[in-house]
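1. Sequence isn't available, so here's the structure alone:
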C-alpha cells in the first residue's frame, strides 16, 4: 500500500462539512454533529436501506437536539453513561418531545421506542470505537431498556374481507389499493419493499416477485397466489397509466411513496371501523396466516426477509396464544362443569 494511503479512522480532510478544531488529537477535533454526519455517510456507503438510514439519521438528529438543549459536551469522549441515561429518561417520561415537532412526538413513548433509540446510539458509538474516534463506549455501562414482548395482533378473515370490499369500485385508485392490500397479505412485504417494486420485478405467469431492495439491501424472491395475481393483472393491464418503471403509481402517474401507502392503509382501516390498522399489521397478518395454514418457521423467515428467527418466534407465540383461547372456549373447566 502506498505511503499515506493507510486506513484512517475518518477521512476528515475530504469532507467539508466536518468542523475541524485546532488540536493534535483527532478525537477532540471533530464535533459530535460532524461525527453523526460521518456515520450517516458511512451507512449509505455500506448499502444500508434508505429506510434504515433515515431512521438512524432521525434518531441521531434528535439526540443532537437534546444534547444542545442540555448543554452537553460536544466532544463524544466527554459524554458519559449519565448523559445517556438522562436522554433515555427524557424519551420515556416526557409527554411532548422534540418541541412537539411531529404527531409521534406528542404521544407517550413506549419502552419499545426507548429501546429503538438505545440500539441506534449503541450502533453509532460502536462505529466510533471501531473507527478509533473514541476509546470508551459509555453505553457499555447502560443496560438495555426492558421492552414488553407484546402478542402480535393479526387481522381476522372478516376484517380482511371488509378492507378489500372497500376497494371494489372499478376505478384506478380502488383497483390499485385492492392490489396493494392483497400484495401485503399474500407476501408479507415491508412497505418500502412494496413501494420499490418495478414492473420488471413481477412474473405474472409464475406469480414470483423479485425483491431487490430488502432490509440491509438483501434480495429475495416471494410469490403471490392466483387471486392476488388476478387483482394485480387488472390494475397493471386495465387501469395503470404512466411511464414510470415502478409498479404502483398515483393518480398523477407519479410513483406511490411509502408515506402515501401508509396513509391509504390507515384511512381504509378507519373507514372500515377496524382499530389499529397499519402496514406492519398487514405483515403480521401474513405471517400468522402462513403459520396457521401449516407453513414452517424457516420458510417464513426467508419469505419475510429476516436474518434470524427471533421475530418469527414472536409470530409463533401469538399463534399459540390465539389457538389456546379458541381451545379454552371449548374446554373451559367451569363451562364444562356437570350439574
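-> Looks like it came in fine. Predicted model only: the values in this text are computed from it and were never measured.

2. can you give me the helices for the stretch 101-250 of the chain?
-> 111-130, 157-165, 172-187, 191-195, 226-233 (DSSP state H, counting those that start in this stretch).

3. hmm, who's touching stretch 64-74?
-> Taking contacts as CB atoms under 8 Å, 6 or more residues apart in numbering, the residues outside stretch 64-74 that touch it are 31-33, 36, 79, 83, 86-87, 90, 98. For every residue, glycine as well, the C-beta is placed using N, CA and C.

4. of those residues, buried ones?
-> When the contacts of stretch 64-74 are checked for burial by 16 or more other CB atoms under 10 Å, the buried set is 31-33, 36, 79, 83, 87, 90, 98.

5. Which two among the residues you listed are spaced furthest apart?
-> With distances taken as CB to CB, the most widely separated pair in the buried ones among the contacts of stretch 64-74 is 31 and 90, at 21.5 Å.

6. list the buried ones in the longest helix along the chain?
-> Across the chain, the longest stretch assigned as helix under DSSP state H is helix 310-331. Of the residues in helix 310-331, 311-312, 314-316, 318-319, 322 count as buried by neighbour count, 16+ other CB under 10 Å.

7. What of stretch 166-185?
-> Under 16+ other CB under 10 Å, the buried positions of stretch 166-185 are 166-167, 172, 175-185.

8. again with stretch 57-72
-> For stretch 57-72, the neighbour count (16+ other CB under 10 Å) marks 57, 59-60, 62-64, 66-67, 72 as buried.

9. could you dump those residues to JSON lines with secondary structure, pLDDT and distance to residue 128?
-> Formatted as JSON lines, the buried residues of stretch 57-72 follow (DSSP: H, G, I helix; E, B strand; the rest coil; pLDDT from 0 to 100; distance: CB to CB, whole Å):
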{"residue": "57", "secondary structure": "helix", "pLDDT": "95", "distance to residue 128": "16"}
{"residue": "59", "secondary structure": "helix", "pLDDT": "95", "distance to residue 128": "15"}
{"residue": "60", "secondary structure": "helix", "pLDDT": "96", "distance to residue 128": "12"}
{"residue": "62", "secondary structure": "helix", "pLDDT": "94", "distance to residue 128": "18"}
{"residue": "63", "secondary structure": "helix", "pLDDT": "96", "distance to residue 128": "13"}
{"residue": "64", "secondary structure": "helix", "pLDDT": "96", "distance to residue 128": "14"}
{"residue": "66", "secondary structure": "helix", "pLDDT": "95", "distance to residue 128": "18"}
{"residue": "67", "secondary structure": "helix", "pLDDT": "95", "distance to residue 128": "15"}
{"residue": "72", "secondary structure": "coil", "pLDDT": "95", "distance to residue 128": "16"}
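
10. Now distance to residue 150 too, for those, in CSV please.
-> Output for the buried residues of stretch 57-72, formatted as CSV (distance: CB to CB, whole Å):
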residue, distance to residue 150
57, 27
59, 21
60, 26
62, 24
63, 26
64, 30
66, 27
67, 31
72, 33
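
11. now the helices of the stretch 101-250 of the chain as JSON lines including distance to residue 241 and mean pLDDT?
-> Formatted as JSON lines, the helices of the stretch 101-250 of the chain follow (distance: least, CB to CB, whole Å; pLDDT from 0 to 100):
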{"stretch": "helix 111-130", "distance to residue 241": "39", "mean pLDDT": "92"}
{"stretch": "helix 157-165", "distance to residue 241": "23", "mean pLDDT": "96"}
{"stretch": "helix 172-187", "distance to residue 241": "7", "mean pLDDT": "97"}
{"stretch": "helix 191-195", "distance to residue 241": "18", "mean pLDDT": "94"}
{"stretch": "helix 226-233", "distance to residue 241": "15", "mean pLDDT": "96"}
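
12. Can I get those in a markdown table including distance to residue 263?
-> Shown next, in a markdown table, are the helices of the stretch 101-250 of the chain (distance: least, CB to CB, whole Å):
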| stretch | distance to residue 263 |
| --- | --- |
| helix 111-130 | 21 |
| helix 157-165 | 15 |
| helix 172-187 | 11 |
| helix 191-195 | 11 |
| helix 226-233 | 21 |
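
13. Of these, which is nearest residue 335?
-> Using CB to CB, the helices of the stretch 101-250 of the chain put helix 157-165 closest to residue 335, at 24.3 Å.

14. which residues are contacting that closest one?
-> Contact with helix 157-165 is made by 155, 178, 181-182, 185, 268-269, 272-274, 277, 285, as judged by CB under 8 Å, 6+ apart.

15. what's in contact with stretch 227-246?
-> Counting contacts by CB under 8 Å, 6+ apart, the residues outside stretch 227-246 that touch it are 171-172, 175-176, 178-179, 182-183, 186, 195-200, 202, 204, 207, 224, 247, 249, 253-256.

16. contact partners of stretch 288-300?
-> Counting by CB under 8 Å, 6+ apart, 152, 154, 185, 188, 287, 303, 309, 312-313, 315-316, 318-319, 322 sit against stretch 288-300.
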